[in-house]
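Engineer: structure for the following, please:
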Amino acid sequence: MAEHPDLEPAEALRRIAFLLERSRAGTYRVKAFRGAAATVRATDPEELRQRAEVGSLTDLPGIGSATEAVIREALAGEVPAYLKSLEDKAAGPLATGGEQVRAALRGDLHCHSDWSDGGSPIEEMVVTAMELGHDYLVLTDHSPRLKVANGLSVERLTKQLGVIDAVNEHLDGQFRLLKGIEVDILDDGELDQTPEMLGKLDVVVASVHSKLKMNAGPMTTRMVAAVSNPRVNVLGHCTGRLVEGERGTRDQSSFDAAAVFEACAAHDVAVEINSRPERRDPPDELLTLALEAGCLFSIDSDAHAPGQLDFLAYGCERAQRLGVPVERIVNTWEVDRLLAWARP
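Structural biologist: Next up is the predicted model:
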């Protein structure tokens, strides 16, 4: 990764936050740098310089000793030492292998903003996706029943769609933010959002978030019903497993994977290769089974913060290692083809 000798203080702080998120650092550290960046952006540049000269930067809200040092060094035209140390540690891709698949990806179909359980505004997710070379990003905040993740009601989702329109108008064709949702698959296979609202979206990712220990028979029926719904485009993190991380580990759900993947193939639903390191879902053996069933795939970051958008490298490594053809990965498609596939 390149150094940034002419970086403004806010951009230096923002870059540090990105690298911390990318390396899965603690949330409190990330918030400190993103909060400081917001303070710097809201402060007149001349006031910022004057405070740096007299040593009163820490009187500003959210500026501590570490962020003060970054601001001082950036104002002096230097690469902040903390940023340089993070850049040095972050040299090279997150995963070894998968470079051909990663180069083919045009976008990401699964990410979250601070409208649900993500950590950053929609605009920050968009800017970071553009910096990573994406052509498009699908915003997929959670549906209403997932209250722990601040899921979006009809009213809040309607407001969000208006924000997305405004973002796209501002971008003027440089990039597309697509309207989406990660909708809960309910116990009976129905979807946790009204058909009318789902019909207004570009891409629908459907995932199981509750009763993950349901018996295999009912779970299979539940998942097959969901992917048979013409509004579903992607089956998200299909086993629900957790293999590491702060939330601990969780066994994968039990279901007839052959039957579920057969239904995905029959209904043109992509199986998500979830790139989050703690998920790595589906496991290799199920990913191979989906491949043999003729399924399409979507390699997604499931990012809850801007730096996590780079997690795609992990999913790309798995896809390339297991022989997933690039042409069957829907987010290698250009946006018009993707939308023609996704809309019933």
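
Engineer: quick one: contacts for H237?
Structural biologist: By C-beta atoms under 8 Å, 6 or more residues apart in numbering, the residues touching H237 are 207, 272, 274, 276, 279, 281-282, 302. Just so you know, the C-beta spots here come from the backbone N, C-alpha and C atoms, and that holds for glycine as well.

Engineer: is Q320 in a helix, a strand, or coil?
Structural biologist: Classification of Q320 using DSSP: H, G, I helix; E, B strand; the rest coil returns helix.

Engineer: and the lengthiest strand in the chain, how far out from the chain's middle?
Structural biologist: Scanning the chain for the strand with the most residues, using DSSP state E, yields strand 176-184. Taking C-alpha atoms, centre = their mean, to the nearest Å, the mean C-alpha location of strand 176-184 is offset from the chain mean by 11 Å.

Engineer: if we can go back for a sec, so which of the contacts of H237 is the closest to V30?
Structural biologist: Distance to V30 across the contacts of H237 (C-beta to C-beta) is lowest for R276, with 16.0 Å.

Engineer: and the closest one, that one's in a helix?
Structural biologist: No. Assessed with three-state DSSP, R276 is coil; it does not lie in a helix.

Engineer: you'd agree it is up against D310?
Structural biologist: No. Using C-beta atoms under 8 Å, R276 is not in contact with D310; the gap is 11.7 Å.

Engineer: now the common contact residues for these two.
Structural biologist: S301.

Engineer: what segments of the stretch 201-344 of the chain are helices?
Structural biologist: 216-227, 257-266, 284-292, 312-321, 335-342 (DSSP state H, counting those that start in this stretch).

Engineer: can you get me a residue count around R279?
Structural biologist: Using other C-beta atoms under 10 Å, R279 is surrounded by 24 other residues.

Engineer: related to what we said a few turns ago, among the helices of the stretch 201-344 of the chain, show me which one is buried the most.
Structural biologist: Comparing these on average neighbours per residue, with mean count of other C-beta atoms under 10 Å, the densest one is helix 312-321 at a mean of 23.

Engineer: OK, contacts around L13?
Structural biologist: Counting by C-beta under 8 Å, 6+ apart, L13 has contacts 33-34, 36-37, 40, 67, 70-71.

Engineer: as TSV, these with secondary structure and distance to H112 would be great.
Structural biologist: Shown next, in TSV, are the contacts of L13 (DSSP: H, G, I helix; E, B strand; the rest coil; distance: C-beta to C-beta, whole Å):
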residue	secondary structure	distance to H112
F33	helix	20
R34	helix	15
A36	helix	23
A37	helix	20
V40	helix	25
T67	helix	25
V70	helix	27
I71	helix	29
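
Engineer: are any of those residues buried, and which?
Structural biologist: 33-34, 36-37, 40, 67, 70-71 (16 or more other C-beta atoms under 10 Å).

Engineer: in a markdown table: the residues you listed, plus pLDDT and distance to M130.
Structural biologist: Shown next, in a markdown table, are the buried ones among the contacts of L13 (pLDDT from 0 to 100; distance: C-beta to C-beta, whole Å):
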| residue | pLDDT | distance to M130 |
| --- | --- | --- |
| F33 | 96 | 20 |
| R34 | 94 | 18 |
| A36 | 97 | 23 |
| A37 | 96 | 17 |
| V40 | 97 | 21 |
| T67 | 97 | 25 |
| V70 | 97 | 23 |
| I71 | 97 | 25 |
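
Engineer: which one of those is nearest M219?
Structural biologist: Of the buried ones among the contacts of L13, the one sitting nearest to M219 (C-beta to C-beta) turns out to be R34, at 38.4 Å.

Engineer: against P80, how distant is that closest one?
Structural biologist: 15 Å (C-beta to C-beta, to the nearest Å).

Engineer: for L177, give me its contacts.
Structural biologist: Residues in contact with L177 (C-beta under 8 Å, 6+ apart) are 122, 126, 136-137, 139, 164, 167-168, 171.

Engineer: so in terms of bridging, what pairs with it?
Structural biologist: L137 (DSSP bridges).

Engineer: distance to E155 and mean pLDDT for the helices of the stretch 201-344 of the chain - can I get that in a markdown table?
Structural biologist: Output for these, formatted as a markdown table (distance: least, C-beta to C-beta, whole Å; pLDDT from 0 to 100):
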| stretch | distance to E155 | mean pLDDT |
| --- | --- | --- |
| helix 216-227 | 24 | 98 |
| helix 257-266 | 32 | 98 |
| helix 284-292 | 36 | 98 |
| helix 312-321 | 32 | 98 |
| helix 335-342 | 24 | 98 |
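
Engineer: identify whichever of those helices lies nearest to H112.
Structural biologist: Using C-beta to C-beta, those put helix 312-321 closest to H112, at 14.9 Å.
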